[in-house]
Structures are given as C-alpha cells and as structure tokens.
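Trainee: Give the three-dimensional model of this entry:
(chains A and B)
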Amino acid sequence: MTINYFEHDLTSLHNQLVNKEVSAVDLTRASLDNISKTDDKLNAFISTNPDEAIAQAQKIDEKSDFSNVLTGLPLGLKDNMATKGIQTTGASHILEGFKPVYNATVVEKLQNLGAVSVGKTNMDEFAMGGSTETSYYKQTSNAWDHSKVPGGSSGGSAAAVAAGQVPFALGSDTGGSIRQPAAFNGIVGLKPTYGRVSRWGLFAMASSLDQIGPFTRTVKDNATVLNAIAGFDEKDSTSSQREVPDFTAKLSGDVKGLKIAVPKEYFGEGIDPKVAKQVKAAIAQLEALGATVDEVSLPHTKYGVAAYYIIMSSEASSNLQRYDGVRYGFRADDVKNLEDLYVKTRSEGFGDEVKRRIMLGTFSLSAGAYDAFFKKAAKIRTLLIEDFNKVFENYDVIVGPTAPTAAYGLGEEVDDPTAMYLADVLTIPVNLAGLPGLSVNAGFVDGLPVGLQIIGKPFDEQTVYQTGYAYEQASRLFEQHPDVAKEY
Amino acid sequence: MAETIITRDEVAHVAGLAKLAFNDADLDQFTTQLGDILNIFDTLNEVNTDDVIPTYSVTENVNHLREDVANNWNQKQELLNNAPLEAADLIKVPAILNGEGE
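Mentor: Below you'll find the predicted structure:
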C-alpha cells in the first residue's frame, strides 16, 4: 500500500486507523517504502529499523486501541536520542555501533502512545553544525533542491518530513538546529521553552541550551506532537513542573488584537534582501489578519553569536569528556597506556568541527580565560534576556526571519567556521533566553523555502502556535510540495 | 580594544587539556581558525557588564530530589556488550601507569 504523506495530516491518518481503512503496519511499511524510494537522493536516515518497527506496529494492530492521535503513526528520530537496543551514533565515528541500554524519555513517551520509530535521522556530528555536513556517515540533501544543504543540525529529520518519508520527526535545537532546517525545507519546526521537554537520553551538547522539539508539515500537527512529548520528568533536573496545556487549544486562525513585535536588528546587516522581503510580506499578512505590528529593538542581538559560541562550546567540551573509548563506542588500536587510549580514541573518533568546539570550550574555561570569556558571555546572556523581557512587557510574540539566507549549496560554507557561526545570529538568542521559537514556511526565494520565526514568552507555546497557524491557514503554503512528492 | 591572540603553543596546551592530539598541519590550521573565532568573541568587550549578574541557566528549578530507590540496575551484561573490550565480567583497559605492561 502506498501512502503519500503529502495528502494527509496526522489527524487524517489517525481517523483512517480508527476507521480501519489502514493499519499501523500499512503506515509503517509505507514509511519504509517511501524511504527506500527517495533516500538514495536525500540521505536523510543514518539507519532504519524495519524489523523492530513492523513488530511494534503488529502489536499495535492486535491491540487495536487507537484512542491517542499518534498511535500507529510512524516517525523519524534524530540520531542523538537514545533508543534501547538500536544503534544511536550522534552522527559520530566515536559512537559507531553503540546501542543504548535505555530509551530517551521522549522515545519512551512516544512508544507508550504507540508511535512507531522507523529510523534514526542524519545530523551534524553531535549536533555541531548548521548544514548536516559534519556527519561522519553521509551527506543529507535539501528536500527542495538536492544540490543544497538541508540545514542543520537536525537536517535529516527536516528533510525526511519535507520529502514525505515520515509524517513527523523529532529534532533537537541548541542554537537553531530545529528552526533553521525547518526553514530551509519549508516545514514547521518548534524549539520549545527550555524545560518543557525532558532532555533525558538526548546526547548532551550544551545542557543549558538543548531542547527537543517536533518537525511536521503543519502547525496543528506540530502542536499535536508537542502534546505527546512535553511534561515533567524526574530524570531531568531542569524539566519544568508546570502544567502542560493542550497546545492545539488556540488554533482558531484568529489573531485580531495580537500584539506583534518586529526587532529592527533582525532585518539588519547580513540578511539577504530577498529573504527580508519575503518575511516582511508574511508579517504584513498577519497584520492584514488583524494583528498589530510595531518595530522594536533588541539591542544586544549582535553579541548573541559570540556569547553563544563561548557558552555552548564550554558546556560541550565538558559534556564530551565522557567519550574516551573505555565503556562504549569506538576505541583506538595500538595504544601504550590509558592516557594514550583517551587521546588517540578522541583524536581519531571526533571530526574537525567537534574538535574545534572542544578546543574553544576548553580554552574559554581555562585558568586566565574564564572571567574574560565564559563569565563575560554569561553576563551578555543576562542582557539578551533583559532585552526580550522588555519587549514582552508590551507584546505577545516577536517575529522575524528564521535564517539570514535560504539554503546554500552543499560544500559552500562548511570550511569557513566563522561564516557558519555568524549565520546562527537569528536563532541563537532564543536558546540563550530559553524561549519557545517556531519556524513556519514564509514562501520561496529562487525556488527555495524561507522561514518566518515566531518567538514567544517562556512556556507560551500556545500563542506561538496560534500566530503560526493563522499565517499558515491564510498563506496555504503547506499545500506546495517539493518535486520528490511525485515519487509516491 | 585588546585583541586576544592565541599562539600555536597555547593551542597545543589546550589540546593537551582536552585530550586531543594534532599533527603540525592541523595545529597550524586550528591556531588560525581559533584566532579568527576569538576575534569574534572579543566584540563582547564593547559591552560594559560591570554590574551585570551572569546567567548560567534559565531553569526555574532549584533541585529535584527523588526517592533513593535503586531501579533499572540489573544491566551488567547489556552494559558490557557495549564495551570495546571486556574480560572476566569487567571492562578491560590498557595499563594505567607508564612502564607497566598489560
């Protein structure tokens, strides 16, 4: 049975399961078929697990309890989320062959609801990168143009959803790694508020910034998935004990009276004028729907990249100390002693971008540099948060572009780390402040999608989704599909 | 504004702290790249932060403490299965001290 995921949202797939028009096995097989038809071009998956997925789907069909909307629906998981007994690599050589002995909390939650993971998606090594080109394993392509990057670091998850291989996927976002690939592939991606979703079982990059979130083709689907993965987890000491609302509750299409702030800094130097024009048109559409739109200032925006790269690399250098070749993963050969084992394993097991960030972080935390770099960056972080707080005294959401450009060519920027880092300027402040941020498709520049970013107050994902939904329903851009859709 | 300069020797020192080894060509390349990135970091010196309190985390939580109940502990074999080398139900590593054989 062929199922074209471009023709269905999650609710419609759910209804077909309830009405016995399809089975969970049908949907799982369809995803695996879709992947086999298109993944030679996309390379979105590092690995698939057909045997486990079909066995799980069979059990779900036998039980025949489709009371939850996600029961029986297939998905893809970024390969930095622990899956029990299934290889999880973080796209790094150092974890080749590693099979976790436990499930990440998000994986456990989705499995308990009966959602079926069909595979692990490609990403930048340990989520370090913005183009999925630092993966040890393969090069993922953009769903709209296979000569372009899919964005990153969750490029595999974004491309898999945008290409209709799976109806939804999970990614992680430390400095834009969900929102930017969502923008580059013309789909919906949310980085939830810090603490909204448990990080337990997510391979830690920067623990004060990382969040897991959903990739979907529509806003309602996205809110539906967040409903399933959000909530307190005693295994993550930073997960929030706040009540989890129904994230689909404010999806009426109505934004009359909504107060929207547009930071002038988000349209400053370095933003492609064509991207700026497209995003401004999207904002005008929200205004036409009855929202009020004012220009505001977030004056410390330009310092976000520097503060972020100090904090992120410091936390990452500490988190990545655990990869030493002793307990799991890759171990170097021909070593003389334990010290030699550590150094040789890490030097052979990590790629250049990971080494670069470990070096930056180790330097920033070292005696003599700590105050001037790490502590200074933490103070700038306070100023960035205060910028947001001031704006949110008078506004409901902040909007702007998700990324300064549309997707660029494979190999174009990967050798220029400073250019890559500066491209994160619009997504980074949201992580530093712990806010929810959504990217929805805002149209196309030269055939490539461009993202509208919607930033909300802490724990106000509902209003973020409300805004995104109103724009999406008015623009109907989710009805446009990449050419790869013709394969199904 | 003072510019942070990082020398090749300092990069080699940091590599030692991070338990990474580089060949000469890599060390040169990393020295140049880290220098460029540190120049971006130096822009933070434009901002006066004398009276600003640093933010290290945005979590609202203080500390969660759970009941001290042992669970999920009987996984020795599964954990050993992931180890690159095991012997006698233990993870095997090379000699810890220099000059001693295995």
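
Trainee: all contacts plus neighbour counts: C-alpha atoms, from now on.
Mentor: Will do.

Trainee: Ramachandran coordinates for the residue in chain B positioned nearest to chain A?
Mentor: At 4.0 Å from chain A, B:Pro54 is the closest residue in chain B, using C-alpha to the nearest C-alpha. Here is the backbone geometry of B:Pro54 (degrees, to the nearest 10): phi -70, psi 150.

Trainee: Nearest spatial neighbour of it, chain-adjacent residues omitted?
Mentor: Computed as C-alpha to C-alpha, 6 or more residues apart in numbering or on different chains, the closest residue to B:Pro54 that is not its neighbour in sequence is A:Lys379, at 4.0 Å.

Trainee: Contact partners for that neighbour?
Mentor: Residues in contact with A:Lys379 (C-alpha atoms under 8 Å, 6 or more residues apart in numbering or on different chains) are B:Thr49, B:Val52, B:Ile53, B:Pro54, B:Thr55.

Trainee: what's the spacing between the first one and A:Gln165?
Mentor: As for B:Thr49, its distance to A:Gln165 is 49 Å (criterion: C-alpha to C-alpha, to the nearest Å).

Trainee: More neighbours: which of those two?
Mentor: Shown here are B:Thr49 and A:Gln165; by other C-alpha atoms under 10 Å in any protein chain shown, A:Gln165 has more neighbours (32 against 17).

Trainee: from what I can see the more buried one touches A:Asn34, true?
Mentor: Yes. A:Gln165 is within contact range of A:Asn34, at 5.1 Å (criterion: C-alpha atoms under 8 Å).

Trainee: I'd like the distance between A:Ala372 and chain B.
Mentor: According to C-alpha to the nearest C-alpha, to the nearest Å, A:Ala372 and chain B sit 9 Å apart.

Trainee: For the nearest residue to A:Asp396 once chain neighbours are set aside, grab phi and psi.
Mentor: Of all residues not flanking A:Asp396 in the chain, A:Lys259 sits nearest, at 5.2 Å (C-alpha to C-alpha, 6+ apart). When read as degrees, to the nearest 10, the backbone of A:Lys259 gives phi -100, psi 110.

Trainee: One more: B:Thr59?
Mentor: Main-chain dihedrals, B:Thr59, degrees, to the nearest 10: phi -70, psi 150.

Trainee: can you check A:Val188 too?
Mentor: phi -110, psi 130.

Trainee: Repeat that for A:Tyr328.
Mentor: phi -160, psi 160.

Trainee: confidence score at it?
Mentor: Listed pLDDT for A:Tyr328 reads 95.

Trainee: again with the one 10 residues further on
Mentor: Model confidence at A:Leu338, given as pLDDT, is 93.

Trainee: quick one, helices of chain B?
Mentor: Remark: helices assigned in chain B by DSSP state H are B:8-17, B:24-41, B:76-82.

Trainee: from the chain's centre, how far out does the shortest one sit?
Mentor: Going by C-alpha atoms, centre = their mean, to the nearest Å, the spacing between the C-alpha centre of helix B:76-82 and its chain's C-alpha centre is 25 Å.

Trainee: Same check on stretch A:444-452?
Mentor: For stretch A:444-452, the separation from the chain centroid amounts to 18 Å (computed by C-alpha atoms, centre = their mean).

Trainee: So which bits of it are buried?
Mentor: A:Phe444, A:Val445, A:Leu448, A:Pro449, A:Val450, A:Gly451, A:Leu452 (16 or more other C-alpha atoms under 10 Å in any protein chain shown).

Trainee: Quick one: residues contacting the last one.
Mentor: I take that to be A:Leu452. By C-alpha under 8 Å, 6+ apart, A:Leu452 lies in contact with A:Ala183, A:Val279, A:Ala282, A:Val399, A:Gly400, A:Pro401, A:Thr402, A:Leu438, A:Ser439, A:Val440, A:Asn441, A:Ala442.

Trainee: Wait, a strand at it?
Mentor: Yes. Under DSSP: H, G, I helix; E, B strand; the rest coil, A:Leu452 sits within a strand.

Trainee: give me the residue from the stretch 251-400 of chain A nearest chain B.
Mentor: A:Lys379 (4.0 Å).

Trainee: So which bits of the stretch 51-200 of chain A are right by chain B?
Mentor: Listed as neighbours of chain B in the stretch 51-200 of chain A under the rule C-alpha under 8 Å from any C-alpha of the partner chain: A:Phe98, A:Lys99, A:Val101, A:Tyr194, A:Gly195.

Trainee: center of chain A - which residue?
Mentor: A:Ile178 (2.1 Å; C-alpha atoms, centre = their mean).

Trainee: Looks like that residue contacts A:Ala159 (just checking).
Mentor: No. Judged on C-alpha under 8 Å, A:Ile178 makes no contact with A:Ala159 at a distance of 11.4 Å.

Trainee: Show me which helix or strand of chain B is least confident by mean pLDDT.
Mentor: Counting by mean pLDDT, DSSP states H and E, the weakest-scoring helix or strand in chain B turns out to be strand B:86-87, with a mean of 88.

Trainee: Partner strands of that strand and their direction?
Mentor: Using DSSP bridges, strand B:86-87 pairs in its sheet with strand B:90-91 (antiparallel).

Trainee: who touches the partner strand?
Mentor: Contacts of strand B:90-91 (C-alpha under 8 Å, 6+ apart): A:Val326, A:Arg327, B:Leu80, B:Ala83, B:Leu85.

Trainee: and the first one, what does it touch?
Mentor: By C-alpha under 8 Å, 6+ apart, the contact set of A:Val326 is B:Ala83, B:Pro84, B:Ile91, B:Lys92, B:Val93.

Trainee: now the second one: how far from A:Asp446?
Mentor: Distance from B:Pro84 to A:Asp446, counting by C-alpha to C-alpha: 49 Å.

Trainee: same question, the last one
Mentor: Taking C-alpha to C-alpha as the criterion, B:Val93 is separated from A:Asp446 by 55 Å.

Trainee: what's the answer for the third one, then?
Mentor: Relative to A:Asp446, B:Ile91 is positioned 55 Å away (C-alpha to C-alpha).

Trainee: Could you check how many residues crowd around residue 35?
Mentor: This is for chain A. The burial count for A:Ile35: 24, using other C-alpha under 10 Å.

Trainee: I was after chain B.
Mentor: Number of residues near B:Gly35 (other C-alpha under 10 Å) recorded here: 20.

Trainee: will you turn the contacts of strand B:90-91 into a markdown table that also has distance to A:Asn389?
Mentor: A markdown table is the format used below for the contacts of strand B:90-91 (distance: C-alpha to C-alpha, whole Å):
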| residue | distance to A:Asn389 |
| --- | --- |
| A:Val326 | 45 |
| A:Arg327 | 44 |
| B:Leu80 | 49 |
| B:Ala83 | 48 |
| B:Leu85 | 52 |
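
Trainee: wait, which of these is closest to A:Glu287?
Mentor: The closest of the contacts of strand B:90-91 to A:Glu287 turns out to be A:Arg327 (C-alpha to C-alpha; 56.0 Å).
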